[in-house]
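J.: Any chance you can model this:
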Amino acid sequence: MVRCSFLVWLAAGSVAFAADSNGDGCQDEYAGNGACVSVDATVDGTSTVGAGAQVLEDASIGPEVALGSGVVVAARASLAGRVAHSSNPVPVGANTVIGRGAQLGADHVLGSDVTIGRSVVAGERLTVAAGGSLGYAVQVGDDVTVGAGAVVGNLASLGDFATLGDNALVARSVTIADGINAGNGASVNGIVGPDVVIAAGSRIEQGARVRKQAEIGAGAAVESTGRVGRGAIIEAGATVYGRVAPTGLVGAGATVEAGASVARGGEVCAGNTLPTGSQVLGDGTWPVDGCAVIDSCQTIKTSVPGSVDGIYSIDPDGDGGQPAFDAYCDMTSEQGGFTLVMNLDTSDGHAMWWGNSLWTNGGTYGVADSNPFDGDLVSPAYSQLVGATEIRVVVHEQGVVRGFKRWNKPNSNALITSLNSGDNTVLGSSVVSSDVGALSSAEFLVRTTTTLYANHCVNGVCVSNSGGSPDGHRIGSNQAAPSNNNGGGIGNWSDMGYCCGVSSIAGRTCNGDTIRTASEAQGGWYTGYAGSHNTGTFGTDTLFPFNPTGTNSSCSQANWAQTNGINYDYAIYVR
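T.: Sure, this is the predicted structure:
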């Protein structure tokens, strides 16, 4: 807040101004040590301004910040200040410069001689050691650390939990993906050229060089002797000690040993090691007889037991069919090898309710990246991956796992086949394993289900007629929805006889009156409606806005639904 020393009364009322007795544009309060805080700037009363520091017009300093001597906070820059940091106050070291319009989130700690460029936007808990530098318009996530003397070029993006070591160099427009937690953030200690993409959990060690437009996969490592050329791809879990020329490819879990090299366009096949002194010639492979087709995450895990979670290229139907695609693989849970086929973010604004055609039409949605849990995802694996014998449903909150259950899958079909196979088709025939103790009692699908169904309806058939209007869930169970008007699941549409002025939706006949509940995931109808399983909708994704009145008065609102305030998301894997 602006600290006011006097009042100027105007005809329209009173307006408070900071004192500036000599008219130099600097607040008197900070003038004793040669500092200048603009009369248009805001410094919280709990913060301090060091000798000779400058806080320019319209800049804002939050609570419990200690600006060191000679610090410059340029016009319209903002420092959120301390919220929960152990340092009290949080320091901004001597001679640090914070550029025009930069915005730093809470609990930042900046060393001396740091440069934060113009229009930098940083999340919470940014740490930049002495001499570190962030260029123009760099985007920084939460919990990012930049070491002493490290340099980040213009327009780069540093994802959550990224760590840059001392004297690391990250050139312009580099993208470092978000990590899910502190153990999953990327670590960069070497030199990275422009437009490089670096996945979560990867390492680029001091002395390593990664050239322009290269891609470094999840959990991959470029060791100190490693050299990666322009446009080369180092897939998840691979390790490079030697040299990879431009457009070379090192497959998932493969190793290029020191003194080995991959020529332009060459490939080291997944799980293989190119030994010291060996070379892959242009457009050749190692082994020389070619690379086997990788059809699933399980295939990768089998050939490379040490594979890490992340993005891998798979091709379920092999050469000559559909092209290979990137899939997210969970390689560590329950012996790993799980392929993510669908993620439902229940608050991303995209409602995967029963009538969303993506359940059945073979389309895709979203992008599989190193953090695929931030938004809905329908992977090509949902319609292409065959041969799986297990299905695993994970309840999470933006990637933080809350519970899971794994079932035997009764057939080897792609998951979409079951969704197109009629009502009450078994998806999971028996429970193999689970961890549901931490789940809310409002969640029934994963917590209580013994047999999992596709197109589940409580009265046996999901067809509306004069005898009733069924409650349907694209993925549900008898335990999660034990009776009509009671319970929920994933891909909800309760009372299918109502669908607002049309004769049918998704092949279901209805008379057009209202939409009762049509949400992405729910424990049940609105909490005021009778039923032991009516605990409301998870998240906010619904076909129409919630309006829990229990009436049929509107086709623009879901009058029988409400959010329960729990932001559970669902990830569906097969293995």
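J.: Stretch 131-150: end-to-end distance?
T.: 7 Å (CA to CA, to the nearest Å).
J.: ok now do the nearest residue to residue 178 once chain neighbours are set aside, which residues does it touch?
T.: Nearest non-adjacent residue to residue 178, counting by CB to CB, 6 or more residues apart in numbering: residue 159, 3.7 Å away. Heads up, the C-betas are built off the backbone N, CA and C, glycines and all. Residue 159 sits next to 141, 144, 175, 176, 177, 178, 179, 185, 186, 200, 371 when contact means CB atoms under 8 Å, 6 or more residues apart in numbering.
J.: do you know how far residue 145 is from residue 100?
T.: 24 Å (CB to CB, to the nearest Å).
J.: who's more crowded, these two?
T.: Per other CB atoms under 10 Å, whichever of residue 145 and residue 100 has more neighbours is residue 145, with 21 against 17.
J.: Who are the contact partners of that one?
T.: Taking CB under 8 Å, 6+ apart as the test, what residue 145 contacts is 127, 128, 129, 162, 163, 164.
J.: cutoff 10 Å now
T.: By CB atoms under 10 Å, 6 or more residues apart in numbering, the residues touching residue 145 are 109, 125-129, 132, 158, 161-165, 182, 185, 187.
J.: Next, check the residues you listed against the helices and list the overlap.
T.: Among those, no member falls in helices (DSSP state H).
J.: What's the ChimeraX syntax to select whichever of these are buried?
T.: In ChimeraX, a selection of the buried entries from the contacts of residue 145 looks like this (16 or more other CB atoms under 10 Å):
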select :109,125,126,127,128,129,132,158,161,162,163,164,165,185,187
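J.: Can you tell me which of the contacts of residue 145 is nearest residue 520?
T.: When the contacts of residue 145 are ranked by distance to residue 520 (CB to CB), residue 161 comes first, at 27.7 Å.
J.: which residue sits closest to the closest one in space, ignoring its chain neighbours?
T.: residue 185 (2.8 Å).
J.: Pretty sure that neighbour sits against residue 218.
T.: No. Using CB atoms under 10 Å, residue 185 makes no contact with residue 218, being 11.3 Å away.
J.: and for these two, which residues touch both?
T.: 177, 179, 200, 201, 202.
J.: quick one on the thing from earlier: so which one among the contacts of residue 145 has the lowest pLDDT?
T.: Lowest pLDDT within the contacts of residue 145 is found at residue 182 (85).
J.: Which pLDDT value does the model give residue 310?
T.: At residue 310, pLDDT is 87.
J.: Check residue 16 too.
T.: Residue 16 is given a pLDDT of 43.
J.: State which helix of this structure is the longest.
T.: Per DSSP H, the chain has its longest helix at helix 297-303.
J.: For that helix, could you pull out the residues that count as buried?
T.: Per 16+ other CB under 10 Å, helix 297-303 contains these buried residues: 297, 298, 299, 300, 301, 303.
J.: Would you confirm that residue 520 contacts residue 541?
T.: Yes. At 4.0 Å, residue 520 counts as touching residue 541 under the criterion of CB under 10 Å.
J.: And these two? Which one has more around it.
T.: Using other CB under 10 Å as the criterion, residue 520 and residue 541 rank with residue 520 on top: 29 against 23.
J.: Distance-wise, check the more buried one relative to residue 344.
T.: On the measure of CB to CB, residue 520 and residue 344 end up 6 Å apart.
J.: shared neighbours, those two?
T.: 350, 351, 352, 376, 490, 491, 538, 539, 541, 569, 570.
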